[in-house]
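Trainee: Please work out how this folds:
(2 chains)
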There are 2 protein chains.
Amino acid sequence: MKQSHLFTRTVREAPKDEASANAQLLIRAGFIDKLIAGVYSYLPLGLRVLKNIERIIREEINAVGGQEVLMPTLHPTENYQKTGRQSIDVLFQTELKNGTKLFLGQSHEEIVVPLVQRFVQSYKDLPVAVYQIQTKFRNELRAKSGIFRGREFLMKDLYSFHANQKDFDAYYETLKQAYVKIFTRCGIGDATFVTHASGGTFSKYSHEFQTVTDAGEDTIYLCRKCRIAVNREIRPETPACPQCGGIDAEEKKSIEVGNIFPLKTKFSDAFGLKFKDAEGNACPIIMGCYGIGLGRLMGTIAEISHDEQGIIWPESVAPFTVHLLTAGKASESLIQKADDLYATLQKNGIDVLYDNRYDTQAGAKFADADLIGIPWRIVISEKTIEKNGVEIKKRNNGTTTILSIKEAITSIKER
Amino acid sequence: MKQSHLFTRTVREAPKDEASANAQLLIRAGFIDKLIAGVYSYLPLGLRVLKNIERIIREEINAVGGQEVLMPTLHPTENYQKTGRQSIDVLFQTELKNGTKLFLGQSHEEIVVPLVQRFVQSYKDLPVAVYQIQTKFRNELRAKSGIFRGREFLMKDLYSFHANQKDFDAYYETLKQAYVKIFTRCGIGDATFVTHASGGTFSKYSHEFQTVTDAGEDTIYLCRKCRIAVNREIRPETPACPQCGGIDAEEKKSIEVGNIFPLKTKFSDAFGLKFKDAEGNACPIIMGCYGIGLGRLMGTIAEISHDEQGIIWPESVAPFTVHLLTAGKASESLIQKADDLYATLQKNGIDVLYDNRYDTQAGAKFADADLIGIPWRIVISEKTIEKNGVEIKKRNNGTTTILSIKEAITSIKER
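Mentor: All right, here's what the predicted structure looks like:
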């Protein structure tokens, strides 16, 4: 994409009402825009990151048998009376013209259980894993920390249905591994830890994926050796590592980027969701639910991967792979060579943002490139052309190298 | 995908509360599920169709310079006080915990104008075309006709911003052509007509894209020769054709699958959205808006392309390209050959739904194939194996042919 085509632009000043680095950088770089507290628009660059995250999640969830659906936001309140969740604090309410009250979905157990009930009858129909990537609404008293805790946010929510505990346990473990892959592919694998957490009122435990960052809202006790943590909310004092028993856990601030949760038969019981076993007996279905907030994940990546100058996107989620700029006087011949290079890179299947704003100062363009944070920066100038090449630099280090165009393409594609 | 993996199944009975053929067929075939009137879930097969429609729209809108964003559902009411649209009849309301009222977006002029205002200052920044594919909410008194008129529905809404009328007019025409391409690619081009329609309170005219079907809610006067229609709502008596002046227009029922609308400066004036021209004078920005409802488009395709047995999907939007079935006794060797064929088709880049439900009667499987409506049906049986081939049939005609696997693949890929 030519940068002149982009309707957004970077802004120098950090918004005063955004405390977190992720929101400040994402707004300054033109990835997101705040409408009201906890409610953001995704702008062209931000949407590209969001779509990359979405693609990674979809691939990994499809790989473990997830079937994608799209369930509605407008929920009948009767369904919540069955589960007793009509009093959930964060439910937004609205109503039809005839006065019928509705909730805006903050999660979809009340919708997916009766839906699956329409189709699943026998043990032969199980297991089932249904997921969606869909917008959730939570009426938070205070929305803060940028896109970490939104009132409206995109979420991947998966619900699994099993004939017995053993089958559930195996799938729960499979999902845990799928989540590890997702966070690794999104570039936050090293900083993200499976964390023992509360099971709420109806389960002994759940697991969170917590990414270590000072901007996080949670506190965990972390055993680095086992890569396992315990959330302080379930063990207010430093516990021994649940795996190795070690007592030297580190106390860390962290942000929850995903959770997996055994639901037992809480929701199947509420709706009478049962299956017939091989002998024809009606048995309750065991469920699990598994969530990842896409905006929160994007914010977390920006939070743990930035420097003073701006964001440093991992290649897997970056809005573009290459940021192409020129330096020095914009002669006709230089512009032509830059245009050609733009075409060549694209022909080689490389996503390029081409800064063709020839009326903008070089300093401002280079500062923009650092702020936006595209992984590879390629500069073409009279100086590099003299050396029959281009200057190439990775956003995450300061080393510039002159390479021929062919070598540059090879470096990028071999990444 | 193996059909045994699909958690949905077809149902024999049409739902009693759905009057339209599209909703009856889409529900019976397991594409959608009604939660409440006007509020549907998209099930795995339906979501695949919706994603295909989305891809076609995105490609054509990107091709005319659209920049994709994602704007929120929760809208501050102040923005509507500026445009005077706070009294729109179909707005759903909700509120924050502190009592602040919010609307659920039924359209996004009130959000996109202040957003674009943050970035557009000079004539050099224009034109701009911003779009999203996002869920809309309309509190319809009665939601009816399946997914034709929903209370919650996915919509592509594009907003364009121009320095002068001439530039607007040219873009409006470009969009009209992009819409023609979209509806043609979705298989309803022949039945869809550019229709002169009302401009509401602030514009002399707008254009609708009306697809002729008896299930439609609108009435148009159609000049087939010019492929132009006039909506009865603006001309209660049969008008002369706006193009050729002919007076033999046909009166037809139709459904609006898209609209394009000159907004003039109504919304830019409301927010003071101006640009500086080359002389530094502040001038108002001229806008247009352009909508396509994705669910409604899907319903329209099913409505105009079905027979007694079920849906007949155009290949461009079909959930799969090939439906693979076996006939006759399911011997181990037949199952092995069907499994191999499934793998071979997929290796050739063909999307296959493989009916591997070997405990299901052949009659039921063939009826399911017709109901689901995948464009190509391939049957493998002892009989076809004897002839060194498979039986291939297009859903839109009754002719079966025996072809070798290689020939079958060529036929499908040459489509």
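Trainee: does stretch A:125-139 come close to chain B?
Mentor: Yes - Stretch A:125-139 is in contact with chain B by Cβ under 8 Å from any Cβ of the partner chain, via A:125, A:128, A:130, A:135, A:137, A:139. (Each C-beta comes from the backbone N, C-alpha and C, glycine too.)
Trainee: For the closest residue to chain B within the stretch 201-350 of chain A, which non-adjacent residue is spatially closest?
Mentor: Nearest residue of the stretch 201-350 of chain A to chain B (Cβ to the nearest Cβ) works out as residue A:295 at 9.9 Å. Spatially, and ignoring its direct neighbours in sequence, residue A:295 is nearest to residue A:147 (4.3 Å; Cβ to Cβ, 6 or more residues apart in numbering or on different chains).
Trainee: Let me know how buried the one you found is, in neighbour terms.
Mentor: 32 (other Cβ atoms under 10 Å in any protein chain shown).
Trainee: Then residue A:13?
Mentor: For residue A:13, the neighbour count with other Cβ under 10 Å is 8.
Trainee: try residue A:107
Mentor: Burial of residue A:107 is recorded as 19 neighbouring residues (other Cβ under 10 Å).
Trainee: Is chain B within reach of stretch A:96-107?
Mentor: Yes - under the criterion of Cβ under 8 Å from any Cβ, stretch A:96-107 makes contact with chain B via A:96-97, A:102, A:104.
Trainee: Which two of these have the greatest separation?
Mentor: By the measure Cβ to Cβ, A:97 and A:104 form the most distant pair in these, at 17.0 Å.
Trainee: So those two - more neighbours on which side?
Mentor: In this view residue A:97 and residue A:104 are compared by other Cβ under 10 Å, and residue A:104 has more residues nearby, 26 against 13.
Trainee: Name all residues that make contact with the more buried one.
Mentor: Under the criterion of Cβ atoms under 8 Å, 6 or more residues apart in numbering or on different chains, the contact list for residue A:104 reads A:73-75, A:91-94, A:137, B:94, B:104.
Trainee: How about residue A:284, nearest residue that isn't a chain neighbour?
Mentor: Computed as Cβ to Cβ, 6+ apart, the closest residue to residue A:284 that is not its neighbour in sequence is residue A:265, at 4.3 Å.
Trainee: In this structure that neighbour contacts residue A:288, no?
Mentor: No - the pair formed by residue A:265 and residue A:288 falls short of the contact definition of Cβ atoms under 8 Å, at 11.3 Å.
Trainee: When these two are compared, which one has more neighbours?
Mentor: The residue with more neighbours, out of residue A:265 and residue A:288 and counting by other Cβ under 10 Å, is residue A:288; that gives 23 against 15.
Trainee: Go ahead and confirm the more buried one touches residue A:170.
Mentor: No - in this structure, residue A:288 is not within contact of residue A:170 by Cβ under 8 Å, at 11.0 Å.
Trainee: so residue A:123 touches residue A:278, yeah?
Mentor: Yes - with the criterion set as Cβ under 8 Å, residue A:123 and residue A:278 qualify as a contacting pair; they are 6.1 Å apart.
Trainee: So the two - more neighbours on which side?
Mentor: Neighbour tally, residue A:123 and residue A:278, criterion other Cβ under 10 Å: the higher count belongs to residue A:123, 17 against 9.
Trainee: what's the more buried one in contact with, if anything?
Mentor: Shown in contact with residue A:123 (Cβ under 8 Å, 6+ apart): A:163, A:275-278.
Trainee: what's the neighbour count on whatever residue of the stretch 151-300 of chain A ends up closest to chain B?
Mentor: Nearest residue of the stretch 151-300 of chain A to chain B: residue A:152, at 5.2 Å (Cβ to the nearest Cβ). Look at residue A:152: counted by other Cβ under 10 Å, it has 22 neighbours.
Trainee: Quick check: it touching residue A:41?
Mentor: No - under the criterion of Cβ under 8 Å, residue A:152 lies out of contact with residue A:41, with a separation of 10.4 Å.
Trainee: what touches both of these two?
Mentor: In contact with both residue A:152 and residue A:41: residue B:72, using Cβ under 8 Å, 6+ apart.
Trainee: what comes up buried for the host helix or strand of residue A:368?
Mentor: Secondary structure assigned from DSSP states H and E places residue A:368 in helix A:362-372. By neighbour count on 16 or more other Cβ atoms under 10 Å in any protein chain shown, the buried set for helix A:362-372 is A:362, A:365-366, A:368-372.
Trainee: How about the backbone phi and psi for the residue of the stretch 151-300 of chain A closest to chain B?
Mentor: Dihedral angles of residue A:152 (phi, psi; degrees, to the nearest 10) stand at phi -140, psi 120.
Trainee: residues in contact with it?
Mentor: Counting by Cβ under 8 Å, 6+ apart, residue A:152 makes contact with A:38-39, A:135-137, B:72-74.
Trainee: Out of the residues you listed, who's the most crowded?
Mentor: residue B:72 (27 neighbours).
Trainee: you'd agree that residue is up against residue A:42?
Mentor: No - counting by Cβ under 8 Å, residue B:72 stays clear of residue A:42, with 9.3 Å between them.
Trainee: thinking again about what came up before, can you tell me which of the contacts of residue A:152 are in strands?
Mentor: A:39, A:135-137, B:74 (DSSP state E).
Trainee: Which of the three states applies to residue A:102?
Mentor: strand (DSSP: H, G, I helix; E, B strand; the rest coil).
Trainee: quick one, what contacts it?
Mentor: Counting by Cβ under 8 Å, 6+ apart, the residues that residue A:102 touches are A:74-77, A:93-96, B:36.
Trainee: 10 Å instead?
Mentor: A:72-77, A:92-96, B:36, B:39, B:92, B:94, B:139, B:151-152 (Cβ atoms under 10 Å, 6 or more residues apart in numbering or on different chains).
Trainee: Make a ChimeraX selection of the buried ones in those residues.
Mentor: Buried residues within the contacts of residue A:102, by 16+ other Cβ under 10 Å, are selected in ChimeraX with:
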select /A:72,73,74,75,76,92,94,96 /B:36,39,92,94,139,151,152
